[in-house]
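[1] Sharing a sequence plus its predicted fold:
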Amino acid sequence: MYKPHTIEQYKVYRFLEENFALEHFLLAPLSRFGLMLEDKTDEKIAFAFLNNCVQEIPVPAPADPETVTTFLKQFRSLTPHPVVHDFEALTRWWLNNPNPLTYQQALGMSDDLYRHFLSHPFDQ
C-alpha cells in the first residue's frame, strides 16, 4: 500500500483511515496534496488537503498521449539529467517537480501491474 510522502498526504490519509475501511481499496497519490481511493469495481474518489482541511476533489483524468510524449522529450533534455534509480526516487521526483503525469504514468506501469504495485508490499 502506498504510504504518504508529504504532511498534506498524511493528513488526507488520517481522514481516510477514520472514514473508510482501507483494506478494501487501493490507495494512490495524486499530488503532494492529494490521494485517491479505488475500489474493486474500479470506482474512484479523490481527496486533497486544501485550505487547511481535507476535501473531496474531482478525480483527474490522465494526461493524453501527446502531452506525455511532449513531457518525456522535455524531461530527457534536462541538464543535468535527473537520476532516478528506484521507485522511491521516482516517487519523490514526481511529487517535487511539476509535471502532467499521473503517478501510474510516471511509473510507466500497465493497469494490472500498477494495481499489483499498490496492493503488495515492495521491498527494495
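    All right, it came through fine.
[2] Trp93 in helix, strand or coil?
    Three-state call for Trp93 (DSSP: H, G, I helix; E, B strand; the rest coil): helix.
[3] pretty sure it contacts Val83?
    No - Trp93 lies out of contact with Val83 (Cβ atoms under 8 Å); the separation is 9.1 Å. C-beta coordinates here come from the backbone N, C-alpha and C atoms, glycine included.
[4] Same drill for these two, tell me which one is more crowded.
    Between Trp93 and Val83, counted using other Cβ atoms under 10 Å, the more crowded position is Trp93 (15 against 7).
[5] For the more buried one, give me the pLDDT.
    According to the prediction, Trp93 has pLDDT 90.
[6] next one: Phe122
    For Phe122, the model assigns a pLDDT of 66.
[7] got it, and Asn51?
    96.
[8] Could you check how many residues crowd around it?
    When neighbours are counted by other Cβ under 10 Å, Asn51 comes out with 7.
[9] Same check on the one 3 residues further on?
    Other residues near Val54 number 22, with proximity taken as other Cβ under 10 Å.
[10] show me the contacts for it.
    Counting by Cβ atoms under 8 Å, 6 or more residues apart in numbering, Val54 makes contact with 11-12, 15, 47-48.
[11] what helix or strand is His116 on?
    Assigned by DSSP states H and E, His116 belongs to helix 111-119.
[12] got a list of contacts for that helix?
    Everything outside helix 111-119 that qualifies as a contact, by Cβ under 8 Å, 6+ apart, is 1-2, 26-28, 87, 104, 107, 109.
[13] Buried ones from those residues, can you make that a PyMOL selection?
    With 16 or more other Cβ atoms under 10 Å as the criterion, this PyMOL line picks the buried residues out of those:
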select buried, resi 2+26+27+28+104+107
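[14] Right, I'll call it a day here.
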